[in-house]
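A.B. asks: Just the structure for this:
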Amino acid sequence: MKDKSTTAMGGTRNRKLIKKFDSEDAQSIASSVANSVAEKVSVHQVYSNALQGFSVNMSAKAAEKLAERFDVDYIEQDTLVSIDTTWGIDRVDQRDLPLNGGFSPSGDGTGVTAYILDTGVQTSHNEFGNRATWGTNTSGDGDDRDCHGHGTHVAGTVGGSEYGVAKNVNIVAVKVLTCSGGGTTSGVVAGVNWVMEHAIGKKATANMSLGGGFSSALNSAVKNLHNSGVPTVVAAGNDSSNACNYSPASEPAVITVGSTTSSDSRSSFSNFGTCLDIFAPGSGITAAWIGANSATNTISGTSMASPHVCGGAAVLLGNGVAAADVTTLLMDHATNDKVTSAGSGSPNKLLYVGPVGPTPAPTPAPPTPAPTPCIANDFKLTITTDNYPSETGWTLVNVCTGEEQARGGPYSSTGTQPVVEECIPDGRYTFTITDSWGDGICCNYGSGSYVLEYNGNVIQEGGEFTSSESTTFGSCDGPSTAAPTAAPTAAPTAA
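C.D. replies: Predicted coordinates:
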């Protein structure tokens with residue numbers, strides 16, 4: 001009868017775990033010990049299957065008395081146990097490897113709503129308590145449930161009580177993908193439209209772990225949602241290629257997320273490039289799943305990386321950060337230069353949601369010296385960037401010497417107006433502005449433009465060209481006021 005011993009866990013400091021004969025009554029033993037030590041001894045639980053014994057609240061003195069009994073095999077102090085933190089959330093609250101097995105974020109997303117545009121969410125899952133609700137279904141299938149699992153997993157990473165980043169955020173299911181995991185651009189745009197309408201006046205963020213080919217309509221929709229005060233986080237895509245070729249990943253306004261492994265390398269499937277904003281864990285991520293309300297699944301994808309960042313956005317919003325500042329703070333707080341093989345053009349930033357210390361006061365800048373007057377020729381270029389500033393560049397070449405006098409681009413921010421001023425010697429110059437995609441900077445994807453000035457006179461302005469546009473001005477024989485000659489623009493060619 002004494003061969004069924006095991007270990008049990010949980011409880012308080014004075015709780016003991018007792019192994020006993022199954023022929024003995026737990027309460028009678030406790031009463032006997034209580035009488036002998038003149039203090040209260042209370043039975044907490046009685047075990048009769050995996051272990052023949054009971055747990056009891058008693059003092060050390062009473063425990064010593066109990067240990068003297070011939071019918072007690074052993075006494076063991078009750079201890080606390082905890083769940084194993086999934087590696088993804090474990091990684092994003094610390095700067096360096098190895099993982100420490102815990103999760104200590106700077107907040108929990110209290111008071112924030114996270115809209116999950118996906119296959120739906122199993123709102124009854126234990127991971128969400130009473131924090132998850134059904135929003136709408138624009139997928140067109142008429143089936144108001146998550147019959148795939150993807151959306152529930154994503155929601156679990158955003159805000160699950162065990163596997164989530166923002167453990168007290170409110171989850172709203174916006175079903176835009178069907179049971180097969182597919183959908184249409186129109187259905188997704190309808191879901192975005194619904195979120196934009198229902199998020200008014202709320203602290204809210206949105207996650208879109210989905211994507212397809214480039215779509216101006218979808219990019220415009222997510223841009224408007226983000227700019228309306230709902231920080232919008234999207235997956236970069238799983239094609240191991242340039243994220244700028246996909247939507248909504250290519251939209252500069254939103255937060256585009258690439259995936260990393262537990263060793264901080266870019267996941268082999270993750271898209272990359274200048275359209276990415278940040279990386280987060282995405283390989284082998286465990287979170288909630290459909291079926292039983294305790295179900296989990298471990299899967300991989302940039303779909304799993306994106307909700308880590310969405311959870312991070314919820315943490316910031318819950319801490320009182322304004323929606324307009326969320327993107328900047330996510331980038332500023334990120335851990336730099338940890339991702340190996342990040343991919344050409346990718347920012348080497350890894351999500352960080354742990355505590356951040358106060359920012360030291362900046363060192364005052366030295367006085368700015370008075371500008372030196374230009375005694376030769378004044379070159380000034382003003383560029384207004386379009387929606388794809390990374391495609392724009394320019395050069396200024398001195399035709400007389402063959403030397404490049406100046407260059408600029410590519411640019412990183414949309415809708416900005418960088419100004420370049422150079423004091424250049426006498427000479428004949430060719431200015432060339434280029435667009436690597438071949439569609440100029442106006443007016444297909446934004447209202448970009450440029451103005452070229454020479455000695456205070458506008459020499460050329462525009463923005464509608466294909467791959468490049470050139471303007472020649474000045475003279476190798478000295479100052480000249482001759483009208484500029486515009487070089488012909490090359491005809492577009494098929495890609």
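A.B. asks: How about Val121, nearest residue that isn't a chain neighbour?
C.D. replies: Here the nearest residue to Val121 in space, its sequence neighbours aside, is Ala173; by Cβ to Cβ, 6 or more residues apart in numbering that works out to 3.6 Å. (C-beta placed from N, C-alpha, C; glycine too.)
A.B. asks: Just the CA coordinates for the top helix by length along the chain, please, in CSV.
C.D. replies: Of all segments of type helix in the chain, defined using DSSP state H, the longest is helix 302-318. These are the backbone C-alpha positions of helix 302-318, laid out as CSV (Å, rounded to 0.1, in the frame of the first residue of the first chain):
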residue,chain,number,x,y,z
THR,A,302,5.1,36.3,-40.1
SER,A,303,1.4,35.9,-39.1
MET,A,304,2.8,34.9,-35.7
ALA,A,305,5.3,37.8,-35.6
SER,A,306,2.8,40.5,-36.3
PRO,A,307,0.6,39.9,-33.2
HIS,A,308,3.6,40.2,-30.9
VAL,A,309,4.0,43.8,-32.2
CYS,A,310,0.3,44.4,-32.0
GLY,A,311,0.4,43.3,-28.4
GLY,A,312,3.3,45.7,-27.9
ALA,A,313,1.2,48.5,-29.4
ALA,A,314,-1.6,47.7,-27.0
VAL,A,315,0.8,47.8,-24.0
LEU,A,316,1.9,51.3,-25.1
LEU,A,317,-1.7,52.5,-25.6
GLY,A,318,-2.6,51.1,-22.2
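A.B. asks: that older thread, how far off centre is the helix or strand containing the residue nearest to Val121?
C.D. replies: Ala173 belongs to strand 170-175 when elements are defined using DSSP states H and E. Centroid separation between strand 170-175 and its chain, computed with Cα atoms, centre = their mean, to the nearest Å, is 17 Å.
A.B. asks: go on, stretch 439-453?
C.D. replies: Relative to its chain's centre, stretch 439-453 lies at 31 Å (Cα atoms, centre = their mean).
A.B. asks: I'd like to know the average pLDDT value across that stretch.
C.D. replies: The average pLDDT for stretch 439-453 rounds to 88.
A.B. asks: Pull the residues that contact it.
C.D. replies: Outside of stretch 439-453, the residues within contact range by Cβ atoms under 8 Å, 6 or more residues apart in numbering are 216, 378-388, 392, 394, 414-415, 431, 433, 435, 458-466, 469, 471.
A.B. asks: that older thread, ok and the longest helix of the chain relative to strand 170-175, angle-wise?
C.D. replies: In terms of direction (axes from the mean of the first three to the mean of the last three Cα atoms, to 10 degrees), helix 302-318 departs from strand 170-175 by 140 degrees.
A.B. asks: that older thread, any chance of a PyMOL selection covering the buried ones in the contacts of stretch 439-453?
C.D. replies: Those of these that meet the burial criterion (16 or more other Cβ atoms under 10 Å) are gathered into one PyMOL selection, given here:
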select buried, resi 379+380+381+383+384+385+386+387+388+392+394+414+431+433+435+459+460+462+463+465+466+469+471
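A.B. asks: quick one: strands adjacent to the strand holding Ala173?
C.D. replies: According to DSSP bridges, the neighbouring strands of strand 170-175, each with its direction, are strand 113-118 (parallel), strand 132-137 (parallel).
A.B. asks: Show me what the helix or strand just after the last one is packed against.
C.D. replies: Downstream of strand 132-137, the next assigned helix or strand under DSSP H and E is helix 150-159. Contacts of helix 150-159 with other secondary structure elements, assessed using 3 or more Cβ pairs under 8 Å, 6 or more residues apart in numbering; DSSP states H and E, are made with strand 113-118, strand 170-175, strand 285-288, strand 296-299, helix 302-318.
A.B. asks: Where does pLDDT dip in the stretch 301-450 of the chain?
C.D. replies: Within the stretch 301-450 of the chain, the stretches with pLDDT under 70 are 357-376.
A.B. asks: And the strands in it?
C.D. replies: Remark: strands assigned in the stretch 301-450 of the chain by DSSP state E, counting those that start in this stretch are 335-336, 349-350, 377-384, 392-398, 403-408, 419-424, 428-435, 449-454.
A.B. asks: so which of these comes closest to Val257?
C.D. replies: Closest approach to Val257 among these is made by strand 349-350 (10.2 Å; Cβ to Cβ).
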